[in-house]
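K.L.:
got a predicted model here, sequence first, then my questions.
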Amino acid sequence: MSPASGDITAALTVACAEFWRTYYGAMLRLHNRSGRSLTDAIRDRNLGTTDSRHIAVFERFWRKQLALALGVPESEVGPRRIRFRPHRSKAFDVCWPLIGEPKILISIKSMQNAYRNLTNRIEEAIGDSAVLRLYNSSAVFGFFFFILNGRVASGQSGQGVSLRTTGARGVAPYLDLIEEGGDFFDLSDVDRYRRPAAAGPARTRGRQDTVRVAEQSLLDLLATGPTPQASIHYDGIAFAPTRITRLHPDGADPDVWEATMSAVDERLGHQVFLSRLIASARLRGFIEGL
């Protein structure tokens, strides 16, 4: 086997844009089906993501990239449910090989809103790794995490009044466009969701920069380097905070989006993700010649 050479940044950027286009389209269809105006706050996002077509974009991407890096046919890499015991199994997004003992596994997660749930996402990631090690699997384990990086994620966006005040159910919306992590397709009527001005001096309260907190949390989960022995730490983590911009907001092709990945700690960079996984797989005797 010999790994494929070349930088995957361009291909991953295209995948991020496709991911967003798929997600945005699902949210827009859900919104339209409910009979709401584009100036209304988005609600019930979970109803539009049950088929997970957006996350499938990244699953296909990493299956292809792992196959290329290993020098094996793509048919040998794919989703798989691993049965650890008769009473315990778990599905993984990317697995090689598809039969026999798993050697390399990748878990994929995304966050494009509800940044308050970051702690839950990190705990889920810890749980995924713990399951492998609890059942004595020495498979190399990687984690890819996409997060929409915009005004909401960076703590720059304001939050409006509770939707209960507008006769709807749901948490208070963030007063930004959906591509900024907010809750609106159109901001022209957003003032009706703003909080009333305070009677006294305004209090300023800094909001959490979710991207930076996520980065530090992921570093806690990452092994210091390739290891011959599996541990609860991930062998590789690729963190992809990404800004999304509509290229033609007022003209033709309104559904064309540009993705720009933000800089992260080099240990979490997508450029070293697969090489870390393969290095650990070599040390554990799973592959030769790479």
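P.N.:
Good, I have the coordinates.
K.L.:
make it CA atoms for all contacts and neighbour counts henceforth
P.N.:
Fine.
K.L.:
burial count for Leu277?
P.N.:
26 (other CA atoms under 10 Å).
K.L.:
that one and Lys103 touch, don't they?
P.N.:
No - using CA atoms under 8 Å, Leu277 is not in contact with Lys103, being 9.9 Å away.
K.L.:
find the residues that touch each one of those two.
P.N.:
Residues touching both Leu277 and Lys103 by CA atoms under 8 Å, 6 or more residues apart in numbering: Val140.
K.L.:
do you know how far Gln271 is from Asp209?
P.N.:
24 Å (CA to CA, to the nearest Å).
K.L.:
cool, and Pro228?
P.N.:
For Pro228 relative to Asp209 (CA to CA), the value is 35 Å.
K.L.:
show me what contacts the most centrally placed residue in the chain?
P.N.:
The centroid of the chain falls nearest to Ser110 when counting by CA atoms, centre = their mean (2.0 Å). Contact partners of Ser110, counting by CA under 8 Å, 6+ apart, are 55, 145-147.
K.L.:
then Ala238?
P.N.:
142-145, 268-270, 273.
K.L.:
distance between the helix or strand that contains Ala279 and the chain's centre?
P.N.:
Using DSSP states H and E, Ala279 falls within helix 270-283. For helix 270-283, the separation from the chain centroid amounts to 20 Å (computed by CA atoms, centre = their mean, to the nearest Å).
K.L.:
now stretch 152-159
P.N.:
In terms of CA atoms, centre = their mean, the centre of stretch 152-159 is found 18 Å from the chain centre.
K.L.:
give the buried residues for it.
P.N.:
Under the neighbour-count criterion of 16 or more other CA atoms under 10 Å, stretch 152-159 has 152-154, 157, 159 buried.
K.L.:
farthest pair in those residues?
P.N.:
The most widely separated members of those, counting by CA to CA, are Ser154 and Gln159 (13.3 Å).
K.L.:
intersection of neighbour lists for these two?
P.N.:
By CA under 8 Å, 6+ apart, no residue touches both Ser154 and Gln159.
K.L.:
other SSEs contacting the longest helix seen in the chain?
P.N.:
Ranked by residue count under DSSP state H, the longest helix found in the chain is helix 9-33. The helices and strands touching helix 9-33, judged by 3 or more CA pairs under 8 Å, 6 or more residues apart in numbering; DSSP states H and E, are helix 53-70, strand 236-246, strand 257-261.
K.L.:
of all the ones you listed, which one comes closest to Ala15?
P.N.:
Closest among the helices and strands packed on helix 9-33, once you apply CA to CA, is helix 53-70, at 6.5 Å.
K.L.:
for that closest one, which positions count as buried?
P.N.:
54-55, 57-70.
K.L.:
check stretch 136-156 too.
P.N.:
Of the residues in stretch 136-156, those buried under the neighbour-count criterion (16+ other CA under 10 Å) are 137-154.
K.L.:
just the ones of those in strands?
P.N.:
140-148 (DSSP state E).
K.L.:
and those residues as TSV, adding distance to Phe185?
P.N.:
TSV is the format used below for these (distance: CA to CA, whole Å):
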residue	distance to Phe185
Val140	41
Phe141	37
Gly142	34
Phe143	31
Phe144	28
Phe145	25
Phe146	21
Ile147	19
Leu148	16
